[in-house]
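Asker: Fold the following and give me the result.
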Amino acid sequence: MTTVGIVAEYNPLHNGHVHHFNEAKRLAGAEKAIVVMSGPFTQRGEPAAVSKQARTEMALHMGADLVIELPVAYAIQPAEWFAFGAVSLLEATGVVDSLCFGSEAGTLGSLLPLAKYLAEESSELKGEIRRRMALGSSFPAAYSAAAASAWQGSLLGEENPLDAGELLRQPNNSLGLHYLISLQRLHSKIQPLTVPRTGAGFHDPLQTGSAIASATAIRNLLQEGGSPASYMPSYSLSILEREYTAGRGPLGLENFQTPLAYVLNTRSAAELQTLQDMNEGLEHRLLRLVPQLERFTVTGLLTLLKSKRYTQTRLQRLLLHVLLNHSKEELDAPILAQGPGYIRILGFRESGRTLLKQMKQSATLPVVMRPSLCSHPQLERDLQAATVYAGAFANPLRGDLYRDYLEPPVRV
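Answerer: Residues are numbered from 1 along each chain as shown. So this is what the prediction gives:
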């Protein structure tokens, strides 16, 4: 039995995701598919439109056999650690044969050699990243430019060298590259595969006559009260509508303005400085800018904070770390490099029982079906994040706030 692994957020699950899922199984010749999915908060530093359970249900209806949660410690991190956490989980299952991701490149021919080179992360590369950031570049821009420069330097004299800079400027290529780097660093036997990204690009607006739109465009449409029916499978739309009718979405950063304002108005600069990503005096800047807002909104604060050095995504992740009280100590590089400490099962189909049975023998981490039976600092953060997320519902009930404790994994 062959199994393909997929890393996703399904925020929400749309026709493009279905295309990728089907292509992944076809390319891998896989009978089963395991999805590693972000929980309540996503890599761009935003709350998911609906809960992780609702998105798990969408994935299972699509055909995923098993859905695993990517711990929040990795889910709201830059691409390097997001990818490392997800790939580590797929590796730890002991049942995954291949990993398939979408990319603008559409082939591994250009991505693999670059990944093998960057996996070493030479002192020269690290130094060049620091130099460019000191000149005011954001980390993603500094990393891309430094990686491209180092790669081109290693290819001097070769004909038609790969333009690494152009490759890294495309978001799916960049994330895919980090999946490949993670496979290299873990010495994994999982075989990488990539599917060409089709239809709308990452930030493209909705396109008339197309059945595929980016998740960003669909979320914007939802926030405006529009219907995404043309861009989503019927089961996904039905689940979305059910959640909205129950007051469990759609959620955006503004839904968390009250607890976030409370934290920022009750913490000292010294206390804020201990939080993840709070570097280079950002704590002082935050405390200086908050009183300048006539009315506190997350959008208004981000507008004041944003600069060439700090991208909106980086700042959104920072605000989530503030909201969730994530300390530097618990999320520093040596801790993250140890990988996730458990495999949390969010849901499974009947066909996934075979995988779960296999994993009892093959998994190198505890397989967690009920969080109350497992103790781990990362899991505690996952449970706290889920409660904070549910607290933003229109009328949160006990069953919403403590769903992780009260309900078993989703089954389809």
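
Asker: For the closest residue to Gln292 other than its chain neighbours, give me the backbone phi and psi.
Answerer: Excluding the flanking residues, the one nearest Gln292 by C-beta to C-beta, 6 or more residues apart in numbering is Leu304, at 6.8 Å. Yep, even glycine has a C-beta here, placed from its N, CA and C like the rest. The phi/psi pair for Leu304 (degrees, to the nearest 10) reads phi -70, psi -30.

Asker: any idea how far Leu304 lies from Leu373?
Answerer: Counting by C-beta to C-beta, to the nearest Å, the separation of Leu304 from Leu373 is 45 Å.

Asker: coming back round to it: show me what contacts the residue nearest to Gln292?
Answerer: Shown in contact with Leu304 (C-beta atoms under 8 Å, 6 or more residues apart in numbering): 289, 292-293.

Asker: Could I get the CA-only coordinates of stretch 388-406 as PDB?
Answerer: What follows is stretch 388-406 as a C-alpha-only set of coordinates in PDB (Å, rounded to 0.1, in the frame of the first residue of the first chain):
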ATOM      1  CA  VAL A 388      -8.700  31.400  22.100                       C
ATOM      2  CA  TYR A 389      -9.900  30.900  18.500                       C
ATOM      3  CA  ALA A 390     -13.400  29.600  19.600                       C
ATOM      4  CA  GLY A 391     -13.600  32.600  22.000                       C
ATOM      5  CA  ALA A 392     -14.100  34.800  18.900                       C
ATOM      6  CA  PHE A 393     -17.200  33.000  17.800                       C
ATOM      7  CA  ALA A 394     -20.500  35.000  17.800                       C
ATOM      8  CA  ASN A 395     -21.800  33.100  20.900                       C
ATOM      9  CA  PRO A 396     -19.100  30.600  22.000                       C
ATOM     10  CA  LEU A 397     -20.400  27.700  24.000                       C
ATOM     11  CA  ARG A 398     -18.500  25.300  26.300                       C
ATOM     12  CA  GLY A 399     -18.600  22.700  23.500                       C
ATOM     13  CA  ASP A 400     -16.800  25.200  21.200                       C
ATOM     14  CA  LEU A 401     -14.200  26.400  23.700                       C
ATOM     15  CA  TYR A 402     -13.200  22.900  24.900                       C
ATOM     16  CA  ARG A 403     -14.000  20.900  21.800                       C
ATOM     17  CA  ASP A 404     -10.500  19.300  21.700                       C
ATOM     18  CA  TYR A 405     -11.200  17.700  25.200                       C
ATOM     19  CA  LEU A 406     -14.900  16.900  24.600                       C
END
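
Asker: Now do it: distance to the chain's middle.
Answerer: Chain-centre distance of stretch 388-406: 22 Å, with C-alpha atoms, centre = their mean, to the nearest Å.

Asker: Show the average pLDDT along that stretch.
Answerer: Averaging the model's pLDDT scores along stretch 388-406 yields 96.

Asker: Report the buried residues of that stretch.
Answerer: By 16 or more other C-beta atoms under 10 Å, the buried positions in stretch 388-406 come out as 388-390, 392-393, 400-401, 403-404.

Asker: can you tell me which of the residues you listed lies nearest to Thr42?
Answerer: Nearest to Thr42, judged by C-beta to C-beta, of these is Tyr389 at 11.1 Å.
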